[in-house]
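# my questions are about this predicted structure, shown below with the sequence.
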Amino acid sequence: MARKPRKQADVRAKYGLEQGGPPRPGRPRKNGDWNGLDFTEMLTAVCKLFCNGSTAADIKRQMKERYNVDMSREEPYQVLSWAASNRWIRFTPPHEHALREKIRAHSGWLRDVDVVHTAVYDDVAYRGALMLLEMVKEHHRPPLPKDEVHIGFAGGHAMRKVARCFSQLLCYPNDDMPAKLVFHAMAAGFNVFDPTTDPNAFFTYFVGDPAIAVETGLVGLHAPGVVTSRQFGRLRATAGIKESYECADEVDIVVTSGSLWEHSMLRQYFENSEKSLRVLEEAGCLGDMLWQPLGPDGPIAVKTDIRAMTLLELEDLPGLIERGKHVLLILGPCGLCNAPKTPILEAVLRAQPHLVTHVVVDSRAAREVVPRS
């Protein structure tokens, strides 16, 4: 008779996750007798063996030899599933050093590049958060150290993952950190049915957590996501919105991603204006960055009837860079089709004047750019 498939819900129920956490120390469950080990002690032993390369059969054998703990052949998998669902296990993909050096040589001007050997956006998001942490430290170091560093986040699912990873990194001890970080929303929320893509929503990661060792401040952008071009100037001057624009010059680091045009949230909104959509596509729009249209050679400057409500224009980025500030582009696979965003990377590397200073990208997009360089 075939065994009943084990689902994540079964594992959560077995180890008490549905009750808000693992079994309390010293209180064995009916499904587990771990010879004096509590649940977490047993779990750490299993996870360490797994991270050393042991198979489930090896783990079963070594748990018996080392700890006199009897496990079924399924239990190592169940324990690992429990640990992974609680993010106690992290997979760290390798750096692609050769591609990194080729991208740097091809550009000749990027301050730093990280090519992540992965086909998964979450890996790129984590490495983007690590690079952002180093950029913050750089702004705090001499010769012009800042005790208050301002970070602007663009919106979207990709940026939400980066913000979450960055907030987790801030909970670890870090040297060379400024006393305060101030987060700015670089765009207003787009999707009323999914407000988690709104950079204003990312701020919840940076408040109320006593583990974050630096003081945090927030500058939101509370405005419609998409407006007519005629409304844009009027809204910028409106009380409650103009204050956000008055603070825009304080941003030291802009963090953004990019979307392929066929799966762009911006494109979905432009479909409400057939004329504007036609103008962009005739201009060769291949995607967006900072929720603004991007062509093969950089920003598309054509006028359209509607536009996104953004704190900065793409055309503002070169001037910001000239003033010693930084723009970090974190470019992983498309969240819908998992395709590499090669056209976005090519356009950014080709753009004159330069739009970014730092890039974190997946290996497939980097590999597709290098042969054509």
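Here it is on my side, so go on. Remember, predicted model here, so these are calculated numbers, not experimental data.
# would you state the helices of the stretch 251-373 of the chain in chain order?
Listed in chain order, the helices of the stretch 251-373 of the chain (DSSP state H, counting those that start in this stretch) span 265-270, 274-282, 317-322, 342-350, 363-369.
# which stretches of the stretch 1-150 of the chain have low pLDDT?
Applying pLDDT under 70 to the stretch 1-150 of the chain picks out residues 1-32.
# so what pLDDT did the residue nearest the centre of the chain get?
Among the residues of the chain, the one closest to the centroid is Val162, at 2.2 Å (C-alpha atoms, centre = their mean). With respect to pLDDT, Val162 scores 97.
# so who does it touch?
Listed by C-beta atoms under 8 Å, 6 or more residues apart in numbering, the contact set of Val162 reads 125, 128-129, 132, 153, 255, 257, 330. Where C-beta positions appear, they are placed from N, C-alpha and C, glycine not excepted.
# now name the helix or strand holding it.
Assigned by DSSP states H and E, Val162 belongs to helix 157-169.
# now that helix: how far from the chain's centre is it?
Here the centre of helix 157-169 is set off from its chain's centre by 5 Å, with C-alpha atoms, centre = their mean, to the nearest Å.
# extract the CA atoms of that helix and return them as PDB.
Presented in PDB, the C-alpha positions along helix 157-169 are these (Å, rounded to 0.1, in the frame of the first residue of the first chain):
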ATOM      1  CA  HIS A 157       7.500  42.700  -5.400                       C
ATOM      2  CA  ALA A 158      11.300  42.500  -6.100                       C
ATOM      3  CA  MET A 159      12.000  45.600  -4.000                       C
ATOM      4  CA  ARG A 160       9.800  44.300  -1.100                       C
ATOM      5  CA  LYS A 161      12.100  41.200  -0.900                       C
ATOM      6  CA  VAL A 162      15.200  43.400  -0.900                       C
ATOM      7  CA  ALA A 163      13.800  45.600   1.900                       C
ATOM      8  CA  ARG A 164      12.900  42.500   4.000                       C
ATOM      9  CA  CYS A 165      16.400  41.100   3.600                       C
ATOM     10  CA  PHE A 166      18.000  44.400   4.400                       C
ATOM     11  CA  SER A 167      15.900  44.800   7.600                       C
ATOM     12  CA  GLN A 168      17.100  41.300   8.700                       C
ATOM     13  CA  LEU A 169      20.700  42.300   8.100                       C
END
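# JSON lines for the contacts of Val162, including neighbour count and distance to Val279?
Listed next are these as JSON lines, based on neighbours: other C-beta atoms under 10 Å; distance: C-beta to C-beta, whole Å:
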{"residue": "Ala125", "neighbour count": "25", "distance to Val279": "33"}
{"residue": "Gly128", "neighbour count": "30", "distance to Val279": "32"}
{"residue": "Ala129", "neighbour count": "23", "distance to Val279": "36"}
{"residue": "Leu132", "neighbour count": "24", "distance to Val279": "34"}
{"residue": "Phe153", "neighbour count": "26", "distance to Val279": "28"}
{"residue": "Val255", "neighbour count": "29", "distance to Val279": "29"}
{"residue": "Ser257", "neighbour count": "29", "distance to Val279": "24"}
{"residue": "Ile330", "neighbour count": "29", "distance to Val279": "29"}
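# nearest to Ile321, of those residues?
Nearest to Ile321 among the contacts of Val162 is Val255, at 14.1 Å by C-beta to C-beta.
# and that closest one, bridged to which residues?
Phe153, Leu328 (DSSP bridges).
# check contacts around it.
Contacts for Val255 (C-beta under 8 Å, 6+ apart) come out as 128, 132, 151-154, 159, 162, 328, 330.
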